[in-house]
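Novice: Sequence and predicted structure, then a few things I'm wondering about:
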Amino acid sequence: MFRTTMEAAQVGIFVLQDQHFKYVNPYLTRLFGYSADEMVDRMGPLDVVAAGQHAFIVEQMQARAAGVSGHHYEITAIRKNGSEFPAMIYGSPSVFDGRPASVGTLLDISSQKAAEQRIRELADYDVLTGLPNRRLLRERFVQLLAAAERDKTEIAVFFLDLDHFKRVNDSLGHSVGDELLVEVARRLDTVVRRIDTVARLGGDEFIFAMPGFHTAAAAEVARRLIDVFARPFEVAGHELTVTPSLGISIYPHDGQDLETLLKNADTAMYRAKEIGRNTFQFYATEMNTATLDRLLMESNLRRALVQKEFILQYQPLVNLRTGVIVGVEALIRWQHPELGTIMPDSFIHVAEETGLINPIGDWVLCEACRQAKAWCDEGLPSLVMAVNVAPVQFRQPGFVEMVAGALAASGLEASLLELELTERTVMHDADINLGTLSALHRMGVELSLDDFGTGYSSLAYLKRFPVGKLKIDRSFVNDLETDPDDWAIASTIVSMGRSLRMTVLAEGVETGEQLVQLRKMGCDMAQGYYFSRPTSAAGMAEILRAQPFVNR
Ligand code: C2E
Ligand code: CA
Ligand code: CA
């Protein structure tokens, strides 16, 4: 009767002794895919349980052998074919052949587990698209906020709404609309990173929470999201074209919690719809113009570099004692095919913020060195070529090597190259920069401090740097004759420079009277429209040839 009962039982039953199976019922053998002969005396629990749980199983077997009764345990069971299933086991101490043993039952709980999983999903995920729902979004956002607060980083919240989605539903039916949403969700998911959350709030509204995104990066992601809709969606035999409208709010700028950020992103999304759909808007309106201009400029700048739209102009640097041009400053211009010549003040800051200043600056350096050498080879007198270096560029690794490369490629003597750095470039991380400055100095390259007087240089620091020249910012030169403060600043810089044995150059000299004043102060050099505006390489060569001592 016992045997019949065991064999009919719809639960796995086994007897264990000395860590081996002594009896297994047919239900158990069917569950694992072994025959009873294969299991009995030959196998033990360790052969059918995932390796990670072996220590636990051994512990349990020892407890049973010692007469301690067990509980229900969940394990990962392994079938003969290697596949796994979750199982619940229960063992109790027993006696077999007069020695301690244990009797166990085992239940396959796969369907129970699947049901639990489904319940969890239903609570956290959108049933249609499988994306997180509002509840899970809120839960994850709490963690994002904590991290952002701690790291002082930003979070971009996007509100994406499909344009005219209702038309799809109305004309093709809800099941087509649903399928479209599933496809949209699938494509959206490809744009985001693992740490981002894409959620569906219901209807045709999708939310993105993206940590670590400042405005420019968020605008770029918005573009990518819009691009996702460029190809039509194939749904139920239809080719459907839908476009999105996006609103973006940024933590902490536009709100401190999810509800506020969502509300503001929603407001921005409606603005995107108003201005014509298939676009995005930031909640903070000032960000819209700023970033759009910038994006435009950035992609344009990239193209400009490839298509060689940059040129250099040159402006003479004049020795005030002799009146001779002893150097030129290279100044970049952008010859835009439609907009004409764009001056550096309009694009250098974008280039700096986007890192494009590095390739642009490299080009300037190489081109300026090449031109200087070409003038030497034409027999023009030796000139110092002054090149502006942006802070980012100066701090990029390998800058010194880059300069050495430009000199080597052109064959220009190092002493004929002068790098113009601003006070801020040099003073920021003064200790680190000292290394770069010294390396350049050892190479023989001249260094000058540009826009001097506008920064925060301390004299004590200045003395440590191998800088040979100070360029008085043109704002002080401008009102030299009328503003006694500016006169005082300019003359202080001149005498300070002298006591540090530096050359002092005045920028932006436009009138003869300014020149008289500067000469009185004992200023060494000057530059400005009074002598010449920045001009092309050919124009500059003309000016140089016309210099008295060249003709002599
Ligand atoms: P900066 O280094 O102070 O260059 C001098 C600027 O003053 C030039 O403006 C020049 O045209 C202008 N200037 C010269 N003489 C006079 C004058 O008598 N009166 C007036 N009002 N202005 C005068 P530009 O060419 O527009 O360049 C502006 C700034 O852009 C430069 O200021 C420099 O900071 C930056 N820049 C120019 N070229 C480059 C470059 O190749 N790389 C980098 N990183 N920055 C550059
Ligand atoms: Ca300069
Ligand atoms: Ca300057």
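Specialist: Thanks, I have the structure now. Ligands and ions are numbered 1, 2, ... in the order given.
Novice: What about residue 130? Give its phi and psi, please.
Specialist: Taking degrees, to the nearest 10, you get phi 80, psi 10 for the backbone angles of residue 130.
Novice: residues contacting it?
Specialist: The neighbours of residue 130, taking Cβ atoms under 8 Å, 6 or more residues apart in numbering as the test, are 121, 185. Placement of C-beta: from N, CA and C, glycine included.
Novice: Could you do residue 78 as well?
Specialist: Under the criterion of Cβ under 8 Å, 6+ apart, the neighbours of residue 78 are 48, 49, 50, 84.
Novice: how about stretch 379-391: buried residues?
Specialist: By neighbour count with 16 or more other Cβ atoms under 10 Å, stretch 379-391 contains the buried residues 380, 383, 384, 385, 386, 387, 388, 389, 390, 391.
Novice: Now distance to residue 173 too, for those, in CSV please.
Specialist: Formatted as CSV, the entries for the buried residues of stretch 379-391 read as follows, by distance: Cβ to Cβ, whole Å:
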residue, distance to residue 173
380, 80
383, 77
384, 77
385, 72
386, 71
387, 67
388, 64
389, 64
390, 59
391, 60
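Novice: can you tell me which of those residues are in helices?
Specialist: The helices in this structure, assigned by DSSP state H, contain residue 391 from the buried residues of stretch 379-391.
Novice: need the residues of this structure near ligand 3, please.
Specialist: Taking Cβ under 5 Å from the ion as the test, the list of the chain residues beside ligand 3 reads 450, 451, 507.
Novice: Mind picking the lowest-pLDDT entry from these?
Specialist: Sorting those by confidence puts residue 451 at the bottom, with a pLDDT of 87.
Novice: so what's that one closest to, chain neighbours aside?
Specialist: residue 473 (4.5 Å; Cβ to Cβ, 6 or more residues apart in numbering).
Novice: The one you found against residue 479, yeah?
Specialist: No: shown here, residue 473 and residue 479 do not form a contact pair, counting by Cβ atoms under 8 Å, at 11.9 Å.
Novice: In terms of packing, which of those two has more residues around it?
Specialist: Neighbours were tallied for residue 473 and for residue 479 using other Cβ atoms under 10 Å; the higher tally belongs to residue 473 (23 against 14).
Novice: Pull out the buried members of the contacts of residue 78.
Specialist: Buried residues within the contacts of residue 78, counting neighbours by 16+ other Cβ under 10 Å: 48, 49.
Novice: Quick one: the contacts of residue 78 as JSON lines, columns for pLDDT too.
Specialist: Formatted as JSON lines, the contacts of residue 78 follow (pLDDT from 0 to 100):
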{"residue": "48", "pLDDT": "95"}
{"residue": "49", "pLDDT": "95"}
{"residue": "50", "pLDDT": "94"}
{"residue": "84", "pLDDT": "95"}
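Novice: Turn the contacts of residue 78 into CSV, columns for distance to ligand 1.
Specialist: Written out in CSV, the entries for the contacts of residue 78 read as follows (distance: Cβ to the nearest ligand atom, whole Å):
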residue, distance to ligand 1
48, 70
49, 67
50, 62
84, 62
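Novice: how many neighbours does residue 258 have?
Specialist: The local packing count at residue 258 equals 21, with neighbours defined by other Cβ under 10 Å.
Novice: quick revisit: would you mind putting the buried residues of stretch 379-391 into TSV with distance to ligand 1 alongside?
Specialist: Putting the buried residues of stretch 379-391 into TSV (distance: Cβ to the nearest ligand atom, whole Å) gives the following:
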residue	distance to ligand 1
380	21
383	17
384	15
385	12
386	9
387	7
388	4
389	6
390	4
391	9
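Novice: can you map out the strands along the stretch 401-550 of the chain?
Specialist: The residue ranges that make up the strands of the stretch 401-550 of the chain, judged by DSSP state E, counting those that start in this stretch, are 417-422, 446-452, 469-472, 503-506, 525-526.
Novice: Helices along the stretch 201-350 of the chain, start to end?
Specialist: For the stretch 201-350 of the chain, applying DSSP state H, counting those that start in this stretch gives helices covering 215-227, 258-274, 285-306, 344-354.
Novice: and of the ones you listed, who's closest to ligand 2?
Specialist: Go through the helices of the stretch 201-350 of the chain one by one with Cβ to the ion and the one that ends up closest to ligand 2 is helix 344-354, at 9.7 Å.
Novice: Tell me the first helix or strand C-terminal of that closest one.
Specialist: helix 357-377 (DSSP states H and E).
Novice: That next one and ligand 1 in contact?
Specialist: Yes: contact of helix 357-377 with ligand 1 is found when judged by Cβ under 6 Å from any ligand atom, involving 361, 364.
Novice: Identify, out of the strands of the stretch 401-550 of the chain, the most deeply packed stretch.
Specialist: Among the strands of the stretch 401-550 of the chain, strand 469-472 has the highest mean neighbour count (mean count of other Cβ atoms under 10 Å), at a mean of 28.
Novice: can I get the CA coordinates of that strand in PDB?
Specialist: Presented in PDB, the C-alpha positions along strand 469-472 are these (Å, rounded to 0.1, in the frame of the first residue of the first chain):
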ATOM      1  CA  LYS A 469      55.500  89.700 -21.900                       C
ATOM      2  CA  LEU A 470      52.400  91.400 -20.500                       C
ATOM      3  CA  LYS A 471      49.700  92.700 -22.900                       C
ATOM      4  CA  ILE A 472      47.700  95.500 -21.300                       C
END
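Novice: which residues are contacting that strand?
Specialist: Outside of strand 469-472, the residues within contact range by Cβ under 8 Å, 6+ apart are 418, 420, 446-453, 490, 493-494, 497, 502-507, 523, 525, 527.
Novice: residues in contact with residue 438?
Specialist: Under the contact definition (Cβ under 8 Å, 6+ apart), the residues listed for residue 438 are residue 466.
Novice: re earlier: worst average pLDDT in the helices of the stretch 201-350 of the chain?
Specialist: helix 285-306 (a mean of 76).
Novice: Throw the strands of the stretch 401-550 of the chain into CSV and include distance to residue 301, thanks.
Specialist: Formatted as CSV, the entries for these read as follows, by distance: least, Cβ to Cβ, whole Å:
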stretch, distance to residue 301
strand 417-422, 21
strand 446-452, 22
strand 469-472, 26
strand 503-506, 30
strand 525-526, 32
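Novice: I'd like to know which of those strands lies nearest to ligand 1.
Specialist: Go through these one by one with Cβ to the nearest ligand atom and the one that ends up closest to ligand 1 is strand 446-452, at 5.1 Å.
Novice: The closest one packs against which elements?
Specialist: With contacts defined as 3 or more Cβ pairs under 8 Å, 6 or more residues apart in numbering; DSSP states H and E, the packing partners of strand 446-452 are strand 384-388, strand 417-422, helix 423-427, helix 430-443, strand 469-472.
Novice: Figure out how far the third one is from the centre of its chain.
Specialist: Right, helix 423-427. Offset of helix 423-427 from its chain centre (Cα atoms, centre = their mean, to the nearest Å): 25 Å.
Novice: still on that earlier bit, ok, and of the contacts of strand 469-472, which contact ligand 1?
Specialist: Restricting the contacts of strand 469-472 to those near ligand 1 - Cβ under 6 Å from any ligand atom - leaves 420, 450, 451, 507, 527.
Novice: of all these, which comes closest to residue 375?
Specialist: Comparing these against residue 375 with Cβ to Cβ picks out residue 527 as the nearest, at 17.8 Å.
Novice: Can you give me every residue that contacts the closest one?
Specialist: Contacts of residue 527 were listed using Cβ under 8 Å, 6+ apart, and they are 315, 316, 317, 318, 329, 471, 505, 506, 507, 508, 509.
Novice: most surrounded residue in those residues?
Specialist: Ranked by neighbour count under the definition other Cβ under 10 Å, these are headed by residue 506 with 31 neighbours.
Novice: of all the contacts of residue 527, which comes closest to residue 193?
Specialist: Taking Cβ to Cβ as the measure, residue 193 lies nearest residue 329 of these, at 44.2 Å.
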